[in-house]
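J.: Kindly return the folded structure for what I paste below:
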Amino acid sequence: MRPVFFAVIGVVLGTFLLPAPAAWAAPPKAKPAGQSDVYKIAIEPSVSLSEAAESMRLRANALNLQLVAELPMSKQVEAVTGKPQRTITIFQFCDAVLAKDLIDVNLEFAIYMPCRIALIEDASGRGWLVMMDVNVGAVAQEKRLPPVLKTRIETVRKSLVEIMQAGAKGEL
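T.: Numbering: from 1, shown residues only. Predicted structure coming up:
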């Protein structure tokens, strides 16, 4: 009888002390139709990845967005592993004044800066440009943002989309 008693106590206590299996958890909230945290565009097949990158650099310059960093991740992995890698390059663009103003509202916004566009070659060799869409994230939904900052965020977002479209088409 003692083993049964301890088994029952163990089950009862376990239900209160141990977390429920993931399957019991409430499902995540669905996003409205068509809404995603990322904006992604395919690079046209006639445009090389290096042409796409150069087009993005030139367009960013024309739009007064600073290219503050370019991280050739695939080259770093290749250097470590000695094996050829598919292209993965992260471009970081910034409007420094807007970044500072957003951090003044909420210092946690620093994690979204600078704005990043990833140039990625998929397993089939197709090129993609991918970025986090600030219109659906925490920054866009911050209630303390004055309308003027929301307008400036939208301007930067439009510029980033324009940079990606120029890269995807190889436009100079």
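
J.: Write down the beta-bridge partners of I88, one by one.
T.: Legend: beta-bridge partners of I88 under DSSP bridges are I120.

J.: how far away is it from P147?
T.: 37 Å (Cβ to Cβ, to the nearest Å). For glycine as for every other residue, the C-beta is placed from the backbone atoms N, C-alpha and C.

J.: same deal with E70?
T.: Computed as Cβ to Cβ, the E70 to P147 distance reads 33 Å.

J.: Who has more neighbours out of those two?
T.: E70 (13 against 7; other Cβ atoms under 10 Å).

J.: At the geometric centre of this structure, which residue do we find?
T.: M132 (3.4 Å; Cα atoms, centre = their mean).

J.: thought that one was touching I111?
T.: No. Look at M132 against I111 with Cβ atoms under 8 Å: they stay out of range, at 10.5 Å.

J.: what's the single longest helix in the protein?
T.: The single longest helix within the chain, with elements called by DSSP state H, is helix 147-169.

J.: who touches the closest residue to L119 other than its chain neighbours in this structure?
T.: Distances taken as Cβ to Cβ, 6 or more residues apart in numbering place T89 nearest to L119, at 4.6 Å, with adjacent residues excluded. T89 sits next to 53, 70-74, 118-119 when contact means Cβ atoms under 8 Å, 6 or more residues apart in numbering.

J.: And T89, how far from T81?
T.: Taking Cβ to Cβ as the criterion, T89 is separated from T81 by 17 Å.

J.: okay, now the residue lying closest to V156 once chain neighbours are set aside: neighbour count?
T.: Spatial nearest neighbour of V156, excluding adjacent residues (Cβ to Cβ, 6+ apart): D95 at 5.4 Å. D95 is flanked by 21 other residues according to other Cβ under 10 Å.

J.: same thing with T155?
T.: Neighbour count of T155, defined by other Cβ under 10 Å: 13.
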